[in-house]
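# I would like the atomic coordinates for the input below:
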Amino acid sequence: MTRIRNDDWVVIADGEKALFLRNLTDGEDPNLEVVREESQENPPDREQSANRPGRVGQSANPGKSAYDDTDWHELAKDRFAAHLAEMLYERAHKGQFDRIVICAAPNVLGTLRDHLHKEVQSKVVAEVPKTLTNHPIPEIEKILKSDLAGA
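Modelled structure (predicted):
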C-alpha cells in the first residue's frame, strides 16, 4: 500500500495545465499546498487548423484520397506533457522532492511516462489515472487518500 507522506509532491495534470502540490502532513489526513501552477493556452483543433486536409490523386485508379489533417490540439497536449516532464526533471535534479505522486488524465499520464527522466521515474511512488485539474484541493485530498489507500 502506497501512502502519501509528509513533504511528498503531488502533480495534478491534464493536457493544458498542471498543479504542483506538496503534502504538509501524512497519508491519513493529506493537506496539500500549491507550490506552482503551470498552464498553456490550447484552443480546440478547429480553431488551430488553417486548411482543409490535402488530397492526392491515385496512380492506379482515377480516385482521390484525403490526407488526415494534423490534430493540433492533441499535439499541443503531447508537447505540454513533454514540457511537464522536463520541469519535473529540473526540480528532481535540484533536490526539491524525494517522492512524487503523479495524477493525470490517462492519455497524458501515458505521454508523460514516456518523457520522464530516470531520475524522476525513481521518485514516482504512485500514479493515479484521473483528471482532477478542475477539482478543489480538499476534493483532491479526499480522492488521493481513497485511491492511495487501496494501492
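
# in this structure, which helix or strand is least confident?
The helix or strand of the chain with the poorest confidence is helix 45-48; it has a mean of 50 (mean pLDDT, DSSP states H and E).

# Reduced to three states, what does His135 come out as?
coil (DSSP: H, G, I helix; E, B strand; the rest coil).

# try Gly15
Under three-state DSSP, Gly15 comes out as coil.

# residues contacting it?
Gly15 sits next to 42, 74, 76-78, 80-81, 105, 107-108 when contact means Cβ atoms under 8 Å, 6 or more residues apart in numbering. Heads up, the C-betas are built off the backbone N, CA and C, glycines and all.

# among these, who's most crowded?
Ala81 (26 neighbours; other Cβ atoms under 10 Å).

# Next, the buried residues of the helix or strand hosting that one.
Using DSSP states H and E, Ala81 sits in helix 72-93. With burial defined by 16 or more other Cβ atoms under 10 Å, the residues of helix 72-93 counted as buried are 72-73, 76-78, 80-81, 84-85, 87-89, 91-92.
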